[in-house]
Every structure is written in C-alpha cells, then in structure tokens.
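Colleague: For reference, the sequence and a predicted model appear below.
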Amino acid sequence: MLSEKYKPKNLREVLSQRDLILKVNEWLNQWKRGKALLIYGPSGTGKSLIVNLVAKERNMNLFEINASEKRSASFIKERLLPASKESSLLGERLILVDDVDSFSEADRGGIAEIINVIKASSNPIILIANDAYDPKLRSLRSHCELLRIRKIPVNIIEKKLREIALKEKLKLGEESIRRIALNSGGDIRSAINDIETYNENTFRDKESNIFEVLNKVFRGKSLIKASQAIDSSDKDMDEIFWWIEQNIPLEYQNNELIAKAFEILSKADIFRSQVVKNQNYRFRKYMKDTIASISLLENPQKRFILYKPPQRLITLGATKVSRKDMEEFYRNLNLKCSMKKIKEQAPLLKIILREKFKGY
C-alpha cells in the first residue's frame, strides 16, 4: 500500500510535527518514575509513528502493545507490568501503549492496572489516545503529562499527495488532489489511501449537484456509484446527511422501507457523532459509506420526486439576519465567557430579566 511505501523512515520525514517531536524527546530526557506521557489527537497524524521513530533514533528498545487488542486486566498485569520493570540487553526500554481510549466501560480493571504499571515502572511509558478527555480516562489523566498532536494542515497534505501522484504516475488532477486533501480532515494516512483508490474516473473534477447524489443514493442500486456521487458533491457530509433525512419519507412509499432507510441513517449518525465528539475524521468515511449503503435497499419507486431541501437549512437561512444581530448583542454584553456558554445561558438570562422588570 502507498501509505506503507511512503511512511516516514526517520523523524526528518515526518510532516508538520516538529514541535511535538521536540517535546517527546524533552520529556524522555527529564522522565521521572511514576509519570507517563499521554499523546492524544486525531487519527493519521503520526502519534504512534513518532514514538517508534524517536525510540529508533535514541537506540531504545521499544515494547509496544495495542490496548484495543490486549485490554484485559490480566494481560496487562501478567505481560506489561513485568516488561515495565525489566531492563533490556538491547538498550534503554520504552513502553508504548496504543489506543488506550479503546477500553470499554467493562474494561475499567485494565485502566487500573495501567495506572499500577505507571507507578511501578522502571522505564518510561508513553500512551496513545484519540481523546484524552474521554470519561473512561479520568483516573488515568492525573498520572500522565498530556501532549496534544495537531492535525496536519491541508496545504502540506496536498503537497505530499502531489509528490506521490507524480512518482506513482497516478492520473489525478489538481482539483481532485485538493478535494482529497480537504476531505482527509488532517489524516495524512487516509489521504494517501484515497489517492491509491481513486483516479480520474472515480474521483471526478466535475461536481455532482445534490439532486444527482440523492438519485444515486435512493435509486442507483450501487454502493460504489452512490459513494462516488457523495465524494464528488459540492456539499459537505452534514448537509448531505440532512438532505437524505428530509427526503426519505418522500422517496419510499412502503413503511418498512422508510424504517430501514432511517435505521441505516441512524448508524451513519453514530459515526457522525464520533467525528464531532472525538475529532476523529476517520469516521467521516464510515459515515459516507453507511449513507451510500441506502442504495442497496430494494426500491420499486419509478415516479418523479421533487426533492425538498432540509427544513434545518431553510430555518437557518430565514433566521440568518436575526441570529447575526443576536450574536452581536451577546458580544456587547462582555460577559467574559465563550459564545457557546452565553448561548446556553441566554434563555435563563431572559427569564431572570423578565421577572426582575415585571412591575415596570
């Protein structure tokens, strides 16, 4: 795979993470027993890769486990704990625990054992997670120094894709490369996988409008074509989601088909929530593929349907001016907190003021 072929072989080849590399080295130089380093951030940004390359360049013996595969308390106690206490004949040892936020609610014993390992370890421990503030990791955070990795900027991803496309003689135009870079959400691995998958026939420069997308999703009978139509649309994934949601009851006449379509869309919404909650843009692809799978439903519909825009977008458009005025009013209040917090508290403020001046 191209993502393996063009994976950085040394730290100089790692894209856009120079500050993080310096901080990892600095932490290792100053490491004291009883504290781990927790590196967190979006997928495909190089978290595990950087730790591997740092260990390689420092001639450290890396002992690595993936928590998503080995998350039982017994495994951590029997394998990880002894490894953390042992010295290595091959040089200083570094312990790496990847995907530490993959523990489920039933795996709390595993988290407790990792904390015990951190307290007892004779070797530095680095943990990897997408979301360091997942509630499951609350007890773990106090035993770690947190280090956030940033998404790779679009222009840097775009430049790397252009270099790979040139070397591999891939038939990808500038607009296709640009769109793949934008769709990656800062995930360089995902972007490289995409240019391997797409060529000019599957990732078209010509944008399909939303009505073509709806037609392919509802009546195309091909998951691949529906997925390609979504990819080439000028609408973002959230907007396409709302269009599908609005028009399912119009497209299907059978209640059972309507229920099946909404069930599929609800699964896409789960992936959508993971993008928002964890800033994990890998789930955007799962969301797209799930939406595209609606095309596999047996839809006997032949009549012309005038698809309607989402009511959500109509409402947002109609209230654009009033919302802008209200935000300006909120800013002028100078309440010393975020706009999000002000909006949350505004209804309560309105009630308080109404009660206070009721007699005037």
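Modeller: Great, that's in hand. None of these values were measured; they are calculated from a predicted model. Numbering: from 1, shown residues only.

Colleague: Please, which helix or strand holds residue 26?
Modeller: helix 18-29 (DSSP states H and E).

Colleague: any idea of the mean pLDDT for the very next helix or strand once past that helix?
Modeller: Using DSSP H and E, the helix or strand that follows helix 18-29 in sequence is strand 36-40. Strand 36-40 shows a mean pLDDT of 94.

Colleague: contacting residues around strand 36-40?
Modeller: With Cβ atoms under 8 Å, 6 or more residues apart in numbering as the test, strand 36-40 has contacts from 20, 24, 27, 47, 50-51, 100-101, 118, 124-132, 137, 140-141, 143-149. C-beta coordinates here come from the backbone N, C-alpha and C atoms, glycine included.

Colleague: Check the offset of that strand from the chain's centre.
Modeller: Taking the mean of its C-alpha atoms, strand 36-40 sits 18 Å from the chain's own mean (Cα atoms, centre = their mean, to the nearest Å).

Colleague: Pull up the pairing partners for that strand, direction included.
Modeller: strand 125-129 (parallel), strand 144-148 (parallel) (DSSP bridges).

Colleague: Let me see the mean pLDDT of the last one.
Modeller: For strand 144-148, the per-residue pLDDT values average out at 94.

Colleague: Rounded mean pLDDT for the following helix or strand past that strand, please.
Modeller: Moving toward the C-terminus from strand 144-148, the next helix or strand (DSSP H and E) is helix 154-168. What helix 154-168 shows for mean pLDDT is 90.

Colleague: What of stretch 181-194?
Modeller: The pLDDT scores in stretch 181-194 average 82.

Colleague: from the chain's centre, how far out does that stretch sit?
Modeller: That offset, for stretch 181-194, works out to 11 Å (Cα atoms, centre = their mean).

Colleague: Using PDB, write down the CA coordinates of that stretch.
Modeller: This file holds the C-alpha atoms of stretch 181-194, laid out as PDB (Å, rounded to 0.1, in the frame of the first residue of the first chain):
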ATOM      1  CA  ALA A 181      -6.700  16.700   1.000                       C
ATOM      2  CA  LEU A 182      -9.700  18.700   2.200                       C
ATOM      3  CA  ASN A 183     -11.700  15.600   2.800                       C
ATOM      4  CA  SER A 184      -8.900  13.900   4.800                       C
ATOM      5  CA  GLY A 185      -9.600  16.100   7.900                       C
ATOM      6  CA  GLY A 186      -5.900  16.300   8.600                       C
ATOM      7  CA  ASP A 187      -5.400  12.500   8.400                       C
ATOM      8  CA  ILE A 188      -2.400  12.000   6.000                       C
ATOM      9  CA  ARG A 189      -2.700   8.200   6.000                       C
ATOM     10  CA  SER A 190      -6.400   8.400   4.900                       C
ATOM     11  CA  ALA A 191      -5.500  10.900   2.200                       C
ATOM     12  CA  ILE A 192      -2.700   8.600   0.800                       C
ATOM     13  CA  ASN A 193      -5.100   5.700   0.800                       C
ATOM     14  CA  ASP A 194      -7.600   7.800  -1.100                       C
END
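
Colleague: Which positions in that stretch come out as buried?
Modeller: Of the residues in stretch 181-194, 181, 183-194 count as buried by neighbour count, 16 or more other Cβ atoms under 10 Å.

Colleague: again with stretch 141-159
Modeller: Of all the residues in stretch 141-159, those buried under the rule 16+ other Cβ under 10 Å are 143-144, 147, 149, 151-152, 154, 157-158.

Colleague: Span of that stretch from start to end?
Modeller: By Cα to Cα, to the nearest Å, the extent of stretch 141-159 from end to end equals 36 Å.

Colleague: next SSE after whichever strand or helix holds residue 277?
Modeller: In this assignment (DSSP H and E), residue 277 forms part of helix 255-278. Sequence order places helix 282-292 as the next helix or strand after helix 255-278, per DSSP H and E.

Colleague: what about that next one, average pLDDT?
Modeller: Mean pLDDT, computed over helix 282-292, is 86.

Colleague: Could you dump the buried residues of stretch 141-159 into CSV and include distance to residue 177?
Modeller: Shown next, in CSV, are the buried residues of stretch 141-159 (distance: Cβ to Cβ, whole Å):
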residue, distance to residue 177
143, 43
144, 38
147, 31
149, 24
151, 18
152, 15
154, 11
157, 9
158, 6
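
Colleague: Quick one: mean pLDDT over stretch 109-127.
Modeller: 88.

Colleague: Equivalent analysis for stretch 299-319, please.
Modeller: 72.
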